[in-house]
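[1] need a structure here:
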Amino acid sequence: MPAASTTETRIYLLLAITLFFLSGCGESVRSEPAARLLSMGDSMLAWNAASSNTIADEIEKEMGEPVIDRSVIGARFLYGLPISGAAGLNISKQYRPGNWDWIVLNGGGNDLWFGCGCALCDHTIDRMISKDSKSGKIPELVSRITARGARVIYVGYLHSPGSFSIIDHCKGEDIELESRIANLAKQDPAFFYLKNADLVPYGDLSYHEVDRIHPSVKASREIGRLVSQLIYREDRRTGRK
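    Modelled structure (predicted):
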């Protein structure tokens, strides 16, 4: 694809900012005390909240049971401010102990885009998850959760093959990040990696919002279905539900 002009990049960035506010940027928490499913992460999970079509909403519809959604637009793993971090912009702090069977988790994209500009990100990626997948913010969070008996599904990011996106330059960094996450899934039987980088057909714009960053309702529905299928399969295999 040809490089986008500065004007085109600005247009897509303006669209992204506009959609940020239209989507609702707050935490969406459901209060059902018996919920066993928790969603945590960034705008990948939180998008489409205004129409009740987030990935958590779609899981809830597929599973026929409540999902507590604590995902927040703009959230990061590497986030140092205490008050806004406690309010959900620090992904690790979205977790609260409970009777969880499953945690649906994503994140890292904002750390790459805003934290290091998706350039010279080796140190940023290492802080999130080391090359051997044994240390970093993500393995630490996963270990803390699974130690309480829950299982974790990391939901990978969508890519946009054959169409321009202002975050195209982040693909290499995301591929490296998610390769380490996939390796963690091989090491921990309670941790699962759901790859979505290949979900979008070449040139298909229907899986993204007009900003070509965030998932459309169609994409949220499809990812929610894939997450639900994984949960169904593992619940049957282990007899835990």
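
[2] when you work out contacts or count neighbours from here on, use the C-alpha atoms and nothing else.
    Noted.

[3] what's the first-to-last distance across stretch 95-115?
    22 Å (C-alpha to C-alpha, to the nearest Å).

[4] buried residues, that stretch. List them.
    95, 100-113, 115 (16 or more other C-alpha atoms under 10 Å).

[5] which of these fall in strands?
    Trp102, Ile103, Val104, Leu105 (DSSP state E).

[6] show me what contacts the second one?
    If I follow you right, that is Ile103. Contact partners of Ile103, counting by C-alpha atoms under 8 Å, 6 or more residues apart in numbering, are Leu37, Leu38, Ser39, Met40, Ala150, Arg151, Val152, Ile153.

[7] same thing but at 10 Å, please
    Taking C-alpha atoms under 10 Å, 6 or more residues apart in numbering, we find Ile103 in contact with 36-40, 67-69, 95, 142, 145-146, 150-154, 191.

[8] about what we covered before: out of the ones in strands among the buried residues of stretch 95-115, who's nearest Phe77?
    Phe77 lies nearest to Leu105 out of these, by C-alpha to C-alpha, at 11.2 Å.

[9] do I have it right that that closest one meets Phe77?
    No. The pair Leu105 / Phe77 is not scored as a contact, 11.2 Å apart, by C-alpha atoms under 10 Å.

[10] overlap in contacts, those two.
    Shared contacts of Leu105 and Phe77 (C-alpha under 10 Å, 6+ apart): Gly41, Asp42, Ile91, Ser92, Ile138.

[11] now do Leu240, the pLDDT please.
    Heads up, residue 240 is Arg, not Leu. Here the pLDDT value assigned to Arg240 is 80.

[12] again, but for Cys25
    Each residue has a pLDDT score; the one for Cys25 is 43.

[13] still on that earlier bit, let me know the closest of the buried residues of stretch 95-115 to Ala56.
    Proximity of the buried residues of stretch 95-115 to Ala56 (C-alpha to C-alpha) peaks at Val104, which lies at 8.3 Å.

[14] so how far is Gly41 from the closest one?
    Val104 sits 8 Å away from Gly41, going by C-alpha to C-alpha.

[15] joint contacts of the two?
    What both Val104 and Gly41 touch, as defined by C-alpha under 10 Å, 6+ apart, is the set Asp69, Ser71, Tyr154, Val155.

[16] hang on, isn't the second one packed against Met44?
    Yes. With the criterion set as C-alpha under 10 Å, Ser71 and Met44 qualify as a contacting pair; they are 8.6 Å apart.

[17] just to revisit the earlier point, of the shared contacts of Val104 and Gly41, which is the most crowded?
    Neighbour tally across these (other C-alpha atoms under 10 Å): the maximum, 34 neighbours, falls on Ser71.

[18] show me where the protein has its strands.
    In the chain, the strands defined using DSSP E lie at 37-40, 67-69, 102-105, 151-155, 191-194.
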